[in-house]
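Enquirer: predicted model follows, preceded by the sequence.
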Amino acid sequence: MVYTDHFLKKDKQKALQYRKEIGNYFEASLHCLDKFEMDKSRQYFDHAMNLFSELRRMNLEKITSEGATQELSDHALQMRRDWY
């Protein structure tokens, strides 16, 4: 499955951008860690984790919307069945 298939259509470009930024912040964090700049490294790491949390939220939004669509379909089938 393609990476962007895990997100809603409105979030696909943002997800790609966040994935790239997460990689950049992790690299910056490791670079600062090599220089023993602990506070700066922690800031980069925290920012990457915040972006990761946002990606997770967007993924859960996709999963929830798919589940809601399925529930609505089941409900519609039940309404038809009860109608007759």
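Expert: Looks like it came in fine.
Enquirer: all helices for the chain, in order.
Expert: Ranges of helices in the chain, per DSSP state H, are 12-34, 38-83.
Enquirer: comparing the ones you listed, which yields the minimum mean pLDDT?
Expert: The weakest mean pLDDT among the helices of the chain belongs to helix 38-83, with a mean of 83.
Enquirer: make CSV out of the helices of the chain and add distance to Val2 and mean neighbour count.
Expert: To be clear about C-beta, it is placed using only N, CA and C from the backbone, and glycine gets the same treatment. As requested, the helices of the chain are exported to CSV (distance: least, CB to CB, whole Å; neighbours: other CB atoms under 10 Å):
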stretch, distance to Val2, mean neighbour count
helix 12-34, 10, 15
helix 38-83, 13, 12
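Enquirer: of the ones you listed, which is nearest Thr4?
Expert: helix 12-34 (4.3 Å; CB to CB).
Enquirer: ok, and what's touching that closest one?
Expert: 3-4, 6-7, 38, 40-42, 44-45, 47-48, 51-52, 54-55, 58 (CB atoms under 8 Å, 6 or more residues apart in numbering).
Enquirer: 7 Å - rerun?
Expert: For helix 12-34, the surrounding residues in contact (CB atoms under 7 Å, 6 or more residues apart in numbering) are 4, 7, 40-41, 44-45, 47-48, 51-52, 54-55, 58.
Enquirer: could you dump it to PDB, C-alpha only?
Expert: What follows is helix 12-34, C-alpha atoms only, in PDB (Å, rounded to 0.1, in the frame of the first residue of the first chain):
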ATOM      1  CA  LYS A  12      -2.000  13.500   1.700                       C
ATOM      2  CA  GLN A  13       0.300  16.400   0.800                       C
ATOM      3  CA  LYS A  14       0.700  17.400   4.400                       C
ATOM      4  CA  ALA A  15       1.600  13.800   5.300                       C
ATOM      5  CA  LEU A  16       4.300  13.700   2.700                       C
ATOM      6  CA  GLN A  17       5.700  17.100   3.900                       C
ATOM      7  CA  TYR A  18       5.600  15.900   7.600                       C
ATOM      8  CA  ARG A  19       7.400  12.700   6.700                       C
ATOM      9  CA  LYS A  20      10.200  14.700   5.000                       C
ATOM     10  CA  GLU A  21      10.400  17.100   7.900                       C
ATOM     11  CA  ILE A  22      10.500  14.300  10.500                       C
ATOM     12  CA  GLY A  23      13.500  12.800   8.700                       C
ATOM     13  CA  ASN A  24      15.200  16.200   8.600                       C
ATOM     14  CA  TYR A  25      14.600  16.900  12.300                       C
ATOM     15  CA  PHE A  26      15.900  13.400  13.300                       C
ATOM     16  CA  GLU A  27      19.000  14.000  11.300                       C
ATOM     17  CA  ALA A  28      19.500  17.500  12.900                       C
ATOM     18  CA  SER A  29      18.900  15.900  16.300                       C
ATOM     19  CA  LEU A  30      21.600  13.300  15.700                       C
ATOM     20  CA  HIS A  31      24.000  16.000  14.400                       C
ATOM     21  CA  CYS A  32      23.500  18.000  17.500                       C
ATOM     22  CA  LEU A  33      23.900  15.000  19.700                       C
ATOM     23  CA  ASP A  34      27.200  14.200  18.000                       C
END
